[in-house]
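>>> Need a 3D model of the following:
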Amino acid sequence: MENQAPTTPLAQAFTVLSPIRQTVPLVFSSPHSGRHYSADFIASSKLDPQALRRSEDSFVEELFACVVDHGAPLLAAMFPRAFCDPNREPYELDPTMFVGKLPEAANIRSPRVAAGLGTIPKVVASGAEIYAQRLPVSEVERRIGGYYRPYHQRLRELVEETQRQFGWAILVDCHSMPASSAPAGGFAGGLGADVVLGDCYGASAAGDIVACIEDGFTGRGYRVVRNTPYAGGFTTRHYGQPRQGCHAVQIEISRALYMNETDHSRHPGFDRLAADLSGIVAELAALTREKPFP
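Below you'll find the predicted structure:
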């Protein structure tokens, strides 16, 4: 059943959906849609599998699978965010979670760590603590070396391959957000935003790129805000270097548009949203053909 978290052993850290030939300078990534929960991870947690999924961007890689039809690759993590979060610095870690000394490079004072949402999270999105007891410090390198680094190595390769072929690249980092965390945005009737676009307050991407994505959503009836409360995570900040030929935009989509957040199942809105995303990607692809952004 689709609402059950798979518990089979994880054979690989990520999957890449690729077109036969890449025809546009676009790369898409989905770092939080992984839903392969290993038996040993579940055993180490005091939460049940359904509770662990509260941090998961369920089905986002399926919503954006259309990008392949438009000539762009999509990288998706297979491992769950609750296990290891690739949208963080490599070592944003809470020392109270581990038995043993963390690496010297560990950032133990970031706001993400303080919130319990470091590279190895302490809590799920609802705030419930994941682990019944502290983890051995060996878990740090097992997860970062075995999952986090392979994911980012492949993402870097995809970006660099795109830059070599086209001279520049746009990275679109794809996420979903709980409907309860959608910002108000000043919309009529007090309705919350459907979509939050993050460009690090204009630093990670050219304005015309972000405007194209925003216009694509608003033209289809979606309520959109920028940078509040999601301005872009590690991926957007790290890869979004326009002066070095890579623009990056983060997209957060309200889960209420396409799924039941209680049982993690798709609802009829899924197909409409997927079709709309295909149209928005087509418009972004057309923009890259009309106007290069070196």
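>>> So which residues of this protein form strands?
Listed from the start of the chain, the chain has strands (DSSP state E) covering 14-17, 26-30, 74-77, 98-99, 135-136, 169-177, 195-198, 224-226, 246-254, 259-260, 265-266.
>>> so which of these is the most packed in?
Most buried of these, by mean neighbour count (mean count of other CB atoms under 10 Å): strand 26-30, with a mean of 27. Every C-beta, even on glycine, is put in place using the N, C-alpha and C of the backbone.
>>> can you list the residues that contact that strand?
Taking contacts as CB atoms under 8 Å, 6 or more residues apart in numbering, the residues outside strand 26-30 that touch it are 57, 60-61, 64, 67, 70-77, 155, 158-159, 162, 169-175, 235, 281, 284-285, 288.
>>> if we can go back for a sec, okay, the strands of the chain in JSON lines with distance to residue 186 and mean pLDDT next?
As requested, the strands of the chain are exported to JSON lines (distance: least, CB to CB, whole Å; pLDDT from 0 to 100):
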{"stretch": "strand 14-17", "distance to residue 186": "37", "mean pLDDT": "96"}
{"stretch": "strand 26-30", "distance to residue 186": "29", "mean pLDDT": "98"}
{"stretch": "strand 74-77", "distance to residue 186": "33", "mean pLDDT": "98"}
{"stretch": "strand 98-99", "distance to residue 186": "43", "mean pLDDT": "97"}
{"stretch": "strand 135-136", "distance to residue 186": "43", "mean pLDDT": "96"}
{"stretch": "strand 169-177", "distance to residue 186": "18", "mean pLDDT": "97"}
{"stretch": "strand 195-198", "distance to residue 186": "14", "mean pLDDT": "98"}
{"stretch": "strand 224-226", "distance to residue 186": "9", "mean pLDDT": "97"}
{"stretch": "strand 246-254", "distance to residue 186": "16", "mean pLDDT": "98"}
{"stretch": "strand 259-260", "distance to residue 186": "26", "mean pLDDT": "96"}
{"stretch": "strand 265-266", "distance to residue 186": "30", "mean pLDDT": "94"}
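>>> Among those, which comes closest to residue 107?
Closest of these to residue 107 is strand 98-99, at 14.2 Å (criterion: CB to CB).
>>> list the helices and strands the closest one packs on?
Packed against strand 98-99, as judged by 3 or more CB pairs under 8 Å, 6 or more residues apart in numbering; DSSP states H and E, are the following elements: strand 135-136.
>>> For the strand it packs on, give me every contacting residue.
Taking contacts as CB under 8 Å, 6+ apart, the residues outside strand 135-136 that touch it are 44, 97-100, 120.
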